[in-house]
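>>> starting from these lines, generate the structure:
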Amino acid sequence: MRRSYIFTIVAVSLLVGATLFTIFLLKRDKVLTVAFLDVGQGDAIFIESPEGVQVLIDGGPDSSVVRELSSVLPLYDRTIDMLVISNPDEDHTRGFLDVLARFTVSYVLEPGTHKDTVVYKELEQSIKEEGATRMFPKRGDTIDLGGEAYLEILFPDRDAGGLEPNTGSLVARLVYGETEVFLSGDAPASVEKYLAMLDGEKLKSDILKAGHHGSRTSTSEELLSAVMPSVAVISSGKNSRYGHPHKEVIERLLDFGIETHITAKEGTVVYVSDGITLRRK
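Numbering: from 1, shown residues only. Model (predicted):
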């Protein structure tokens, strides 16, 4: 009798688990997730497409990226399809060493800029040992993430090998249906103004990842006028030694009526899109 009772409980548990897993898959097929991870003074943005393709844009300054990934990934998931290096500076790349040590990675996107540091050389070696395919997209390229979600590459528009790391930052728009997220890396105002001149209102996006952790050298009026976001997210550390985010940027965002979230104050900021609207999760 006891064996039969235990068997019934196990069978019901498996059935409920299978049902929930099926519901999860059906929901995932329709939803894009964008998580601005709280990694302190650095950048790390996790994306999961409607078809489950996973992308990590930047790895932050240390192993905290792995901790934050655990909040958006199930425990059993040990693969990330693509890493994107927007900038070779350590506040964008050091955490990738821990990611590559724990996750299987298939592709790495890079702007083509270089950094002659121990950390960056170690990262290049780790990518080589991982066997991941390195790609260097340029303006006009599109990275298909599945489920009609894609990354539209806006910059660099040339060989970035000779550019200063911030100037050569990889800038992109994440597009899913009628929703867009503008991902600006550490691009300075000069690049922002250049893109605004080239593309104008084509840059329109619902969410803006504010440039360079809220530095006064980015998130220019020209960019805001072109992108016209409803929401801005600033990725910066608590008590930043650089003073990020700068007062001028906060005031600029306020003047444009843009709702602003700061990871240093709120922790990881997650949005989901059904292709029509983006909402805070």
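>>> when you work out contacts or count neighbours from here on, use the C-alpha atoms and nothing else.
Fine.
>>> was I right to think residue 139 contacts residue 151?
No - shown here, residue 139 and residue 151 do not form a contact pair, counting by CA atoms under 8 Å, at 11.0 Å.
>>> give me the more crowded residue out of these two.
Legend: neighbour count by other CA atoms under 10 Å for residue 139 and residue 151, higher for residue 151 (20 against 15).
>>> the helix or strand harbouring that one pairs with which strands, parallel or anti?
Under the criterion DSSP states H and E, the helix or strand holding residue 151 is strand 149-155. Here strand 149-155 has these sheet partners by DSSP bridges: strand 142-146 (antiparallel), strand 171-176 (antiparallel).
>>> buried ones in the shortest one?
Applying a neighbour-count criterion of 16 or more other CA atoms under 10 Å, the buried positions in strand 142-146 are 142, 145.
>>> what does the helix or strand hosting residue 126 contact?
Remark: residue 126 resides in helix 118-130, with elements defined by DSSP H and E. The set of residues external to helix 118-130 that reach it, using CA atoms under 8 Å, 6 or more residues apart in numbering, is 88, 90, 93-94, 96-97, 100, 104-105, 108.
>>> show me where pLDDT drops low in the protein?
Under the criterion pLDDT under 70, the flagged ranges of the chain are 1-29.
>>> again, 90 this time
Counting by pLDDT under 90, the ranges of the chain that qualify are 1-30, 239-242.
>>> all strands for the stretch 51-200 of the chain, in order.
Counting by DSSP state E, counting those that start in this stretch, the stretch 51-200 of the chain has these strands, from start to end: 54-57, 79-84, 104-109, 133-135, 142-146, 149-155, 171-176, 179-183.
>>> with distance to residue 118 added, can I get those in TSV?
Below are the strands of the stretch 51-200 of the chain laid out as TSV (distance: least, CA to CA, whole Å):
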stretch	distance to residue 118
strand 54-57	21
strand 79-84	19
strand 104-109	19
strand 133-135	20
strand 142-146	30
strand 149-155	26
strand 171-176	25
strand 179-183	27
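>>> looking at the ones you listed, which is nearest to residue 232?
Each of those was scored for nearness to residue 232 using CA to CA, and the closest is strand 179-183 (9.4 Å).
>>> about what we covered before: now the strand holding residue 151, how far from the centre of its chain.
Relative to the chain's own centre, strand 149-155 is displaced by 12 Å; criterion: CA atoms, centre = their mean, to the nearest Å.
>>> test my guess that residue 141 contacts residue 152.
Yes - at 6.4 Å, residue 141 counts as touching residue 152 under the criterion of CA under 8 Å.
>>> picking up where we left off before, out of the strands paired with strand 149-155, flag the one nearest residue 207.
Proximity to residue 207 (CA to CA) singles out strand 171-176 among those, at 9.7 Å.
>>> and for that closest one, what's in contact with it?
Contacts of strand 171-176 with the rest of the structure, by CA under 8 Å, 6+ apart, involve 32, 86, 148-156, 180-185, 187, 203, 205, 273, 275.
>>> could you give the angle of it to strand 179-183?
Between strand 171-176 and strand 179-183, the angle formed by their directions is 160 degrees, by axes from the mean of the first three to the mean of the last three CA atoms, to 10 degrees.
>>> list phi and psi for the spatially most central residue of the chain.
With distances taken as CA atoms, centre = their mean, the chain has residue 45 as the residue nearest its mean C-alpha position (2.5 Å). The phi/psi pair for residue 45 (degrees, to the nearest 10) reads phi -130, psi 120.
>>> contacting residues for residue 53?
Taking CA under 8 Å, 6+ apart as the definition, contacts of residue 53 comprise 47, 80-81, 145-146.
>>> those: which two are farthest apart?
The distance between the two most remote of the contacts of residue 53 (CA to CA) is 14.4 Å, for 80 and 146.
>>> quick revisit: residue 237 is nearest to which of the strands of the stretch 51-200 of the chain?
Counting by CA to CA, residue 237 lies closest to strand 54-57 out of those; the figure is 17.5 Å.
>>> that closest one pairs with which strands?
Strand 54-57 has the following sheet partners, assigned by DSSP bridges: strand 45-48 (antiparallel), strand 79-84 (parallel).
>>> please spell out which residues along it are buried.
Within strand 54-57, the residues that qualify as buried are 54-57, counting by 16+ other CA under 10 Å.
>>> same check on stretch 198-205?
Neighbour-count burial for stretch 198-205, counted by 16+ other CA under 10 Å, picks out 200, 203-205.
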